[in-house]
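Novice: please find the sequence and the predicted model below.
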Protein chains: 2
Amino acid sequence: MKTIDLEDEPTDVERQSSPEKRGRKASKEVRRQQLIEATIDSLAKRGYSETTMADVADGAKLSRGIVNFHFESKEKLLVATLQYMYDEYSAHWRNAYDKAGDNTADQLKALVTADFDRAICNKRKLAAWCAFWGEAKSRPTYQALSGARDTDYQNLLSDLCSRLKAEAGYAFEQQALALALSALLEGLWLRLMMGLEDVTRETALQAANEFLLTAFPRHYTKGASGIQRL
Amino acid sequence: MKTIDLEDEPTDVERQSSPEKRGRKASKEVRRQQLIEATIDSLAKRGYSETTMADVADGAKLSRGIVNFHFESKEKLLVATLQYMYDEYSAHWRNAYDKAGDNTADQLKALVTADFDRAICNKRKLAAWCAFWGEAKSRPTYQALSGARDTDYQNLLSDLCSRLKAEAGYAFEQQALALALSALLEGLWLRLMMGLEDVTRETALQAANEFLLTAFPRHYTKGASGIQRL
DNA sequence: CTATATTGAATGAATGTTCAGCAAATTCTG
DNA sequence: CAGAATTTGCTGAACATTCATTCAATATAG
């Protein structure tokens, strides 16, 4: 119970896929990707306000002027980074949804579980998300991309809640509950990021499951690991 | 349904209580307070990374060097601002709790309702909170104060959930549910701050109430305005 | 050899901090 | 109580630093 289970996955450049292209002269896309990863690192380590172009360049082990070459400006680098995280998150939940099968309860469970997957839910990424959240209000460019849970996601959640309600005749108001659910997920992310109390990926997922359990008692039951579909 | 109900309360210096001391020479405490309010304004308007000492000084309609005179540095100004918001929030929920009477269900409802009170839950304050959240991870100084919902609050929520469970024999796991509830509240704040979708103070409160309704069906029922204790 | 990617020093703008001086308030003094 | 002396709050120009951006020179791949 004492170890915080939010370790980062391997950091830095080891992530790079094509080792043949590591030296001087890598393709445009590889460099951009490399710089975006370095940006996420810096956002996580130093926060938005302390992330400098030099940090990013150093993190990527490249020279100072490199970022302005591949991205036009700091602003554009950050937008590209946010877009990358947005796309990754988006692809992740869509994939989880596609793999979940036809059962509505399974689909909802899959979406919730996916949110706490190591691949997206780790200190590094959460810290980067939060860095953008902090700036989103005053930067129109960020706003659309900052709420990871976008309109599509929200609509899907709402739809699933609606279907479960129809299936089992729950009394809740579907729209309010869907909002509650997505806010809960985001709130748990925030808690994980803060990393104060002993909130771990596991306890966060438990809390989310507890919500499903109480909101949809006719669909889920307590299982050995987490919840099961009835 | 189209107007966003998140207007700020009167901004700027009009908030000041003692109008006699408005000219040159105000007491140390009054000046500090004035500068803290200007800081919140700037955080809300420009975000953390764009908030400068000049902005704050201009916002307070005072000279450039004033902040370093009353606070030693920018860092200390920001810490004082965060501390102020923390104290205010803390006093607010404690007051709501004290006024709620002896009934546990009433107390929990009062805490939740207090969270969406105009006095704390408005664009200006939420934006300022979020600005700090974005920096909290990389600044140890902020961490303790950034989670507005601190240990005391969390313990109280947990305690209330526990009592309600004992009263009515709910099946939920008390700790997970308490975490879910406080994360839900923070998540709703985040949503309100982003201000994209038509999430208003009212719909946010509805979502929170929907949670109480589904989690504690033996304690609450749908009422004319929000929920009622049974 | 040509085109392209990369470097790193130079530049200039933005910004936190300092501080000598000024002005209002307060205390002292005759 | 008047006026001098002192304390206290405040100003804004000057300074130093940090940082994004530029670009001429250089290295590498094809």
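Specialist: Now that the structure is in, tell me what you want to look at.
Novice: wait, A:Leu230 sits on A:Phe216?
Specialist: No. Under the criterion of CB atoms under 8 Å, A:Leu230 makes no contact with A:Phe216, lying 9.3 Å away. Heads up, the C-betas are built off the backbone N, CA and C, glycines and all.
Novice: and the helices in chain A, which stretches?
Specialist: Along chain A, counting by DSSP state H, helices occupy A:28-46, A:53-59, A:66-70, A:74-98, A:104-115, A:123-136, A:140-146, A:151-168, A:174-194, A:201-215.
Novice: just confirm yes or no for the shortest one near DNA strand C.
Specialist: Okay, so that is helix A:66-70. Yes. Counting by CB under 7 Å from any atom of the strand, DNA strand C is contacted by helix A:66-70 at A:Ile66, A:Phe69, A:His70.
Novice: from those, pick the one nearest A:Ser27.
Specialist: For the residues of helix A:66-70 next to DNA strand C, the residue nearest A:Ser27 by CB to CB is A:His70; the value is 11.0 Å.
Novice: pretty sure that closest one sits against A:Leu35.
Specialist: Yes. The criterion here is CB under 8 Å, and A:His70 meets it with A:Leu35 at 6.0 Å.
Novice: those two: which is more packed in?
Specialist: Ranked by neighbour count (other CB atoms under 10 Å in any protein chain shown), A:His70 and A:Leu35 place A:Leu35 first, with 23 against 17.
Novice: what about that one, distance to B:Gln154?
Specialist: According to CB to CB, to the nearest Å, A:Leu35 stands 39 Å off from B:Gln154.
Novice: so how many other residues sit close to the nearest residue to A:Gln206 once chain neighbours are set aside?
Specialist: For A:Gln206, ignoring the flanking residues on the chain, the nearest one in space by CB to CB, 6 or more residues apart in numbering or on different chains is B:Ala176 at 4.7 Å. Using other CB under 10 Å, B:Ala176 is surrounded by 21 other residues.
Novice: ok, A:Asp198 next?
Specialist: 11.
Novice: distance of it from A:Ala204?
Specialist: Using CB to CB, we find A:Asp198 at a distance of 11 Å from A:Ala204.
Novice: over to A:Ala131?
Specialist: 20 Å.
Novice: circling back to that earlier point, next, show the common contact partners of A:Leu230 and A:Phe216.
Specialist: A:Ala105 (CB atoms under 8 Å, 6 or more residues apart in numbering or on different chains).
Novice: that older thread, who has more neighbours, A:Ala131 and A:Ala204?
Specialist: Set A:Ala131 next to A:Ala204 and count neighbours by other CB under 10 Å: A:Ala131 wins out with 31 against 25.
Novice: the more buried one touches B:Gly134, doesn't it?
Specialist: Yes. Using CB under 8 Å, A:Ala131 is in contact with B:Gly134, at 5.2 Å.
Novice: give me the common contacts of the two.
Specialist: Contacts common to A:Ala131 and B:Gly134, judged by CB under 8 Å, 6+ apart, are A:Gly47, A:Tyr48.
Novice: from chain B, how far out is the closest residue to DNA strand C within chain A?
Specialist: Chain A approaches DNA strand C most closely through A:Gly65 (2.0 Å), counting by CB to the nearest atom of the strand. Applying CB to the nearest CB, to the nearest Å, the value for A:Gly65 to chain B is 22 Å.
Novice: okay, the residue nearest to A:Gln206: pLDDT?
Specialist: pLDDT, B:Ala176: 96.
Novice: coming back round to it: which of the residues of helix A:66-70 next to DNA strand C sits closest to DNA strand D?
Specialist: Distance to DNA strand D, by CB to the nearest atom of the strand, is smallest for A:Phe69 among the residues of helix A:66-70 next to DNA strand C, at 6.3 Å.
Novice: how about the nearest residue to A:Arg46, chain neighbours excluded?
Specialist: A:Arg46's closest residue in space is B:Ser138 (CB to CB, 6+ apart), at 5.4 Å.
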